[in-house]
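Chemist: need coordinates for the following:
(2 chains)
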2 protein chains.
Amino acid sequence: MSTDLSYVKALTFDVFGTVVDWRSSIIKELNSFGESKGIIADWEAFADKWRGGYAPAMDQVRKGEIPWTNIDELHRMVLDRLLNEFEITDLSEDEKVHLNKAWHRLAPWPDSVEGLSRLKQKFIIATLSNGNISLLVNMAKHSGLPWDVILSSELARHYKTDKEVYMKALSLLDLRPEDLMMCAAHQDDLLAAQALGLKTAYISRPLEFGPECKNDATDDMPFDIIANDIVDLAEKLGT
Amino acid sequence: MSTDLSYVKALTFDVFGTVVDWRSSIIKELNSFGESKGIIADWEAFADKWRGGYAPAMDQVRKGEIPWTNIDELHRMVLDRLLNEFEITDLSEDEKVHLNKAWHRLAPWPDSVEGLSRLKQKFIIATLSNGNISLLVNMAKHSGLPWDVILSSELARHYKTDKEVYMKALSLLDLRPEDLMMCAAHQDDLLAAQALGLKTAYISRPLEFGPECKNDATDDMPFDIIANDIVDLAEKLGT
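Modeler: Numbering: from 1, shown residues only, chains lettered A, B, ... in the order given. Below is the predicted model of the structure:
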């Protein structure tokens, strides 16, 4: 790789899918919730539909069809619709709040904590997620993610891949684009960052959407680093 | 103390003076800078004037006399004025930038890292400082301050003690006022938080302004906790 990465001072990470395994975590939470309530349902389908409802909901915010709404609230909107669709009707408000906060309790991929801890020795490591700040803080406490700073779309009141999100990160960290590397398992996120001059690292997460879905990776990805996981990223960045 | 602190989930800390010893750190940086450049000056007076210029500069922002300007920029405005006043005229731009970033390299009080590490076991620990985000991140890296999340007046584009700063912290952490405790060595900061329903902890820092200045503490302080330092705060909160 001939790209000059010598200016990179900070790494911003996408979180859902890149750092944490949302699908297994949500299925596990739903299974355990179902058992405790004696509800039988296709929880894998429920999890995929919950996640699937999130992109269109963010799009409504992006297009101005609804005012700024954070991810906790978007997750709740989708949850309420799914509970109706799955005919799960007898939950208390506290139970719904607890279930919605399953997204605050997502487990990291096995390499994430080690990889981030190594990277933290040399770089500022930050989230740059569409998740809201409180969700990201609770998740970090729950899973031992050693962030230096929690950055979120919520601070720009725009969702990735809107450019305002990456520009807010540059502004708050007081860095030039070439000082910052965006790290994600999703090409669209990295392409948006790259268009602003940020450095980019693709992190392969072939199981993000389950064993039956195809990988986001392609053969000709134009990123500065292609890593198998976050420990591999740490290796490739010399930490 | 009969106050009910059982709801407290997060602690937000003032930083300059409360967590770090800005005065000794800045005097040390100025002395070492002076030695390297062969400049003799009253660096204690320089440090006190640098800090002293900061409150009036924030006031100009509060009153709308100048647009939003972060602390790095306010520190630089004051620095340029003082270099002129002290007749120090031959500095390069890089030297001025480095000197201004002395505020990113402030050393913690001896109890701060231990106290924060203990509190982090039980609570979310956050900055809530007038310092900008990049300053607070660099300081945390430099001094090993184990924050869960970096919050700053910069996110509200208002300076403490404006209420918008505390309300932004509540909103981003998704907490009710009784869930959050403001911790500071300055009564005005705590009184502003208390007026919004936050819990409050006063941390005594008698040496903040040097051995010859009087303590901010008074006999009848109306705060939930009065602590000798951050380790004492950890003790009093059972961590």
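
Chemist: switch to C-alpha atoms for all contacts and neighbour counts from now on
Modeler: Will do.

Chemist: and the lowest-mean-pLDDT helix or strand in chain A, what other elements does it pack with?
Modeler: When the helices and strands of chain A are scored by mean pLDDT, DSSP states H and E, helix A:54-62 comes last with a mean of 91. In terms of contacts (3 or more CA pairs under 8 Å, 6 or more residues apart in numbering or on different chains; DSSP states H and E), helix A:54-62 is packed against helix A:71-85.

Chemist: chain center to the least confident helix or strand of chain A, what's the gap?
Modeler: How far helix A:54-62 lies from its chain's middle: 15 Å, per CA atoms, centre = their mean, to the nearest Å.

Chemist: ditto for stretch A:225-239
Modeler: For stretch A:225-239, the distance to the chain centre is 18 Å (CA atoms, centre = their mean).

Chemist: what's the angle from the least confident helix or strand of chain A to helix A:71-85?
Modeler: Interaxial angle of helix A:54-62 relative to helix A:71-85 (axes from the mean of the first three to the mean of the last three CA atoms, to 10 degrees): 130 degrees.

Chemist: which other residues reach helix A:54-62?
Modeler: The contact list for helix A:54-62, computed with CA atoms under 8 Å, 6 or more residues apart in numbering or on different chains, reads A:66-69, A:74-75, A:78, A:158-159.

Chemist: ok, now stretch A:135-147?
Modeler: Outside stretch A:135-147, the residues that touch it by CA under 8 Å, 6+ apart are A:72, A:101, A:103-108, A:112-113, A:116-117, A:120, A:125-127, A:150, B:124, B:148-149.

Chemist: select from those residues every entry located in strands.
Modeler: Of those, the ones assigned to strands by DSSP state E are A:125-127, A:150, B:124, B:149.

Chemist: what about A:Lys122, distance to chain B?
Modeler: Applying CA to the nearest CA, to the nearest Å, the value for A:Lys122 to chain B is 10 Å.

Chemist: apart from its chain neighbours, what residue comes closest to that residue?
Modeler: Distances taken as CA to CA, 6 or more residues apart in numbering or on different chains put A:Thr239 closest to A:Lys122, at 6.8 Å, once the chain neighbours are dropped.

Chemist: A:Gly115 now?
Modeler: Once flanking residues are discounted, A:Gly115 sits nearest to A:Val231: 4.1 Å by CA to CA, 6+ apart.

Chemist: what is the neighbour count of the one you found?
Modeler: 21 (other CA atoms under 10 Å in any protein chain shown).

Chemist: in contact with it, which residues?
Modeler: When contacts are counted by CA under 8 Å, 6+ apart, A:Val231 touches A:111-112, A:114-116, A:118.

Chemist: export these to CSV and tack on distance to B:Glu178, pLDDT and neighbour count?
Modeler: Compiled in CSV, the contacts of A:Val231 are given as follows (distance: CA to CA, whole Å; pLDDT from 0 to 100; neighbours: other CA atoms under 10 Å in any protein chain shown):
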residue, distance to B:Glu178, pLDDT, neighbour count
A:Asp111, 37, 98, 14
A:Ser112, 34, 98, 21
A:Glu114, 36, 98, 15
A:Gly115, 37, 98, 19
A:Leu116, 33, 98, 24
A:Arg118, 37, 98, 19
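
Chemist: circling back to that earlier point, I'd say the residue nearest to A:Lys122 and A:Leu116 touch.
Modeler: No: in this structure, A:Thr239 is not within contact of A:Leu116 by CA atoms under 8 Å, at 10.0 Å.

Chemist: list the backbone torsions phi and psi for the closest residue to A:Asp216 other than its chain neighbours.
Modeler: What sits nearest to A:Asp216 in space, not counting adjacent residues and going by CA to CA, 6+ apart, is A:His186, at 6.5 Å. Backbone torsions for A:His186, taken as degrees, to the nearest 10, come to phi -130, psi 120.

Chemist: mind checking how far A:His186 is from A:Arg205?
Modeler: Distance of A:His186 to A:Arg205, computed by CA to CA, to the nearest Å: 9 Å.

Chemist: so, low pLDDT: which residues of chain A?
Modeler: For chain A, residues meeting the criterion pLDDT under 70 lie at A:1-2.

Chemist: what residues does chain A have near chain B?
Modeler: Within chain A, the residues that sit near chain B (CA under 8 Å from any CA of the partner chain) are A:124, A:132-134, A:137, A:140-141, A:147-150, A:155, A:172-174.
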